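**Q** This is the structure alone, sequence omitted:
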Ligand SMILES: Cc1cc2nc3c(=O)[nH]c(=O)nc-3n(C[C@H](O)[C@H](O)[C@H](O)COP(=O)(O)OP(=O)(O)OC[C@H]3O[C@@H](n4cnc5c(N)ncnc54)[C@H](O)[C@@H]3O)c2cc1C
């Protein structure tokens, strides 16, 4: 593999001086979560054609490339070393006017999720993906990681929002698949290979995103429960009671909710409740939505399934409820924090979480242990403190989380954050050897020189975790 500085002059000839950012400046860029950035050079193509020329040059010279979107990914995918050239999508920010009739939005890969959401909203429509990093995460990064977030069980993950896609492959080939229709069965679909491929198969440059009718009214509640078996019952009752208009169902266990709720001077429900769920339904008639929400929650209070419930009476209160759920900063305050994002059938969750907490305590003592997640998607986020930051300690913690998942049919060791660098060794816990082999064959076919995000996802040392 070649040194990126050896092609700096040729890169400048393609991009002009403003298209290059030198390593020292690059390392100063703020990022949350932090990641290791050792690259000597970042390039910022301003068009698909420029990116194509850059990648053709990298392919020719065998220069490794690490792709940067908003750098909010949680699995170390933006990590670079001294031999890597960073390619950023930060100048690919063009947005076409919303097509209101076709309900589509065409956006460059570098447009932030918040900006795309705002454009949709200005046109009276909804871009139906949303997550805490919306202000910085990009359309391209969201597609590359197939991000999910807070409304997935109603609208699907990023994959379900992408009608069309343009990408540049490792050798500079521009793959344009800019569909605008929901149905397109004209043979196998190249879009689907790129979505969720974490920059290993190509660099996404533009997308046509599907928009939905915007439901301007919401009813949002925080609900306290004493037992886990009442949580899926609450979900069932709300799904039917809200007439299929439930959009969010975010569960928080006490270990997460109690510290997260400190973001408010007066938490809306008792921080000591074993389980707290943020529920939100969207529709066009606020009074009708609230009446339905109140009805369901009153019934469940009566039956003892829930112990307390507060419905937001204003947009301010709604924002407060979400501020608790989005207060993921508490995870990063854990000493030597280790974070996980898994999914498993709800029926297996009570046993899995109880066994996990017990094995974590047996291994590491009474460390803080946090659980929360997009429960209607069977998605659980797990975080706990570790006694030290040694790689071997993190490895023991990872084995405690991932090994039991391999025995739960249908579980996944990565629900929505992807594999990146950090989860690579554990991919084989819930993917079969045949699935991993297919991923590698696709990588070899699309990037034969192995220059794109070379250390990520399907690198050769994947899979045994031992
Ligand atoms: C506070 C917070 C909350 C979050 N909540 C959620 C959540 O609820 N649900 C969820 O799914 N995720 C969540 N995430 C993680 C989520 O995966 C990222 O926010 C987002 O998807 C990555 O977008 P990005 O533009 O920052 O990409 P980056 O972090 O820059 O990149 C992520 C990966 O994609 C690659 N990549 C980036 N852009 C492109 C491109 N244009 N073409 C090809 N490859 C590319 C990178 O090389 C890297 O491997 C959260 C993150 C944070 C920090």
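**A** Yep, that arrived. Remember, it's a predicted structure, so these values are computed and weren't measured experimentally.
**Q** buried sites along stretch 120-131?
**A** 120, 123, 125, 126, 127, 128, 129, 130, 131 (16 or more other CB atoms under 10 Å). All C-beta spots, glycine's among them, are computed from the backbone N, C-alpha and C.
**Q** what about the closest residue to the ligand within the stretch 351-466 of the chain, is that helix, strand or coil?
**A** Closest approach of the stretch 351-466 of the chain to the ligand (CB to the nearest ligand atom) occurs at residue 416, with a separation of 3.3 Å. Under the three-state scheme (DSSP: H, G, I helix; E, B strand; the rest coil), residue 416 adopts coil.
**Q** ok, it - contacts?
**A** Taking CB atoms under 8 Å, 6 or more residues apart in numbering as the criterion, residue 416 is in contact with 145, 146, 147, 148, 149, 152, 157, 341, 374, 379.
**Q** let's see it at 6 Å
**A** Counting by CB atoms under 6 Å, 6 or more residues apart in numbering, residue 416 touches 148, 341.
**Q** Check what pLDDT it gets.
**A** Confidence per residue is given as pLDDT, and for residue 416 that number is 93.
**Q** With the one 4 residues further on instead?
**A** On pLDDT, residue 420 comes in at 93.
**Q** Name the SS class of the residue nearest to it when sequence neighbours are not counted, please.
**A** Leaving aside its sequence neighbours, residue 420 sits nearest to residue 75 (CB to CB, 6 or more residues apart in numbering; 2.9 Å). Using three-state DSSP as the criterion, the local structure at residue 75 reads coil.
**Q** List the contacts of residue 75.
**A** Counting by CB under 6 Å, 6+ apart, residue 75 touches 417, 418, 420, 422, 423.
**Q** re earlier: and the ligand, which of the buried residues of stretch 120-131 reach it?
**A** Here is what survives when the buried residues of stretch 120-131 are matched to the ligand using CB under 6 Å from any ligand atom: residue 131.
**Q** farthest-separated two in the buried residues of stretch 120-131?
**A** 123 and 131 (21.5 Å; CB to CB).
**Q** what helix or strand is the residue located most distally from the centre of the chain on?
**A** Going by CA atoms, centre = their mean, the residue of the chain most distant from its centre is residue 302, 37.2 Å out. Using DSSP states H and E, the secondary-structure element containing residue 302 is helix 286-303.
**Q** Can you name the next helix or strand after the lowest-mean-pLDDT helix or strand in the chain?
**A** Every helix and strand of the chain was ranked by mean pLDDT, DSSP states H and E. The lowest is helix 23-27, at a mean of 85. Proceeding C-terminally, helix 23-27 gives way to strand 41-43 as the next helix or strand, assigned by DSSP H and E.
**Q** hmm, who's touching that next one?
**A** With CB under 6 Å, 6+ apart as the test, strand 41-43 has contacts from 4, 11, 15, 19, 20, 21, 26, 54, 85, 86, 87, 88.
**Q** how about the nearest residue to residue 191, chain neighbours excluded?
**A** Taking CB to CB, 6+ apart, and ignoring the residues beside it in sequence, residue 191 has residue 165 as its nearest neighbour in space, at 4.6 Å.
**Q** Write out the residues of the stretch 101-250 of the chain neighbouring the ligand.
**A** Residues of the stretch 101-250 of the chain lying close to the ligand (CB under 6 Å from any ligand atom) are 109, 131-133, 137-138, 140-142, 144-145, 147-149, 198-199, 203-204.
**Q** so where is this structure shaky, pLDDT-wise?
**A** Counting by pLDDT under 70, the ranges of the chain that qualify are 459-466.
**Q** ends of stretch 104-123, how far apart?
**A** Counting by CA to CA, to the nearest Å, you get 10 Å between the two ends of stretch 104-123.
**Q** Give me the buried positions along that stretch.
**A** By neighbour count with 16+ other CB under 10 Å, stretch 104-123 contains the buried residues 104-113, 115-117, 119-120, 123.
**Q** What of stretch 272-290?
**A** Applying a neighbour-count criterion of 16+ other CB under 10 Å, the buried positions in stretch 272-290 are 273-283, 289-290.
**Q** repeat for stretch 84-95
**A** Within stretch 84-95, judged by 16+ other CB under 10 Å, the buried ones are 84, 85, 86, 87, 88, 89, 90, 91, 92, 93.
**Q** which residues are contacting that stretch?
**A** With CB under 6 Å, 6+ apart as the contact definition, stretch 84-95 has outside contacts at 4, 39, 41-44, 46, 63-69, 80, 107-111, 119, 140, 205.
**Q** got it, and stretch 437-457?
**A** For stretch 437-457, the surrounding residues in contact (CB under 6 Å, 6+ apart) are 58-59, 62, 64-66, 77, 169-170, 198-201, 419-421, 458.
**Q** Would you mind listing the buried residues in that stretch?
**A** Within stretch 437-457, the residues that qualify as buried are 439, 443, 446-447, 449-457, counting by 16+ other CB under 10 Å.
**Q** What spatial separation is found between the residue nearest to residue 206 when sequence neighbours are not counted and the ligand?
**A** In space, residue 206 comes closest to residue 166 once its chain neighbours are excluded; the distance is 4.2 Å by CB to CB, 6+ apart. Per CB to the nearest ligand atom, to the nearest Å, residue 166 is found 10 Å from the ligand.
**Q** before we move on, back to that, any chance of CSV for the contacts of strand 41-43, columns distance to residue 325?
**A** As requested, the contacts of strand 41-43 are arranged in CSV below (distance: CB to CB, whole Å):
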residue, distance to residue 325
4, 41
11, 43
15, 41
19, 39
20, 40
21, 35
26, 33
54, 39
85, 38
86, 32
87, 34
88, 30
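**Q** tell me the two of these that are most distant?
**A** Put simply, by CB to CB the two of those set farthest apart are 26 and 54, 15.9 Å from each other.
**Q** quick one on the thing from earlier: just the ones of the contacts of strand 41-43 in strands?
**A** Secondary structure assignment (DSSP state E) places 20, 21, 85, 86, 87, 88 from these within strands.
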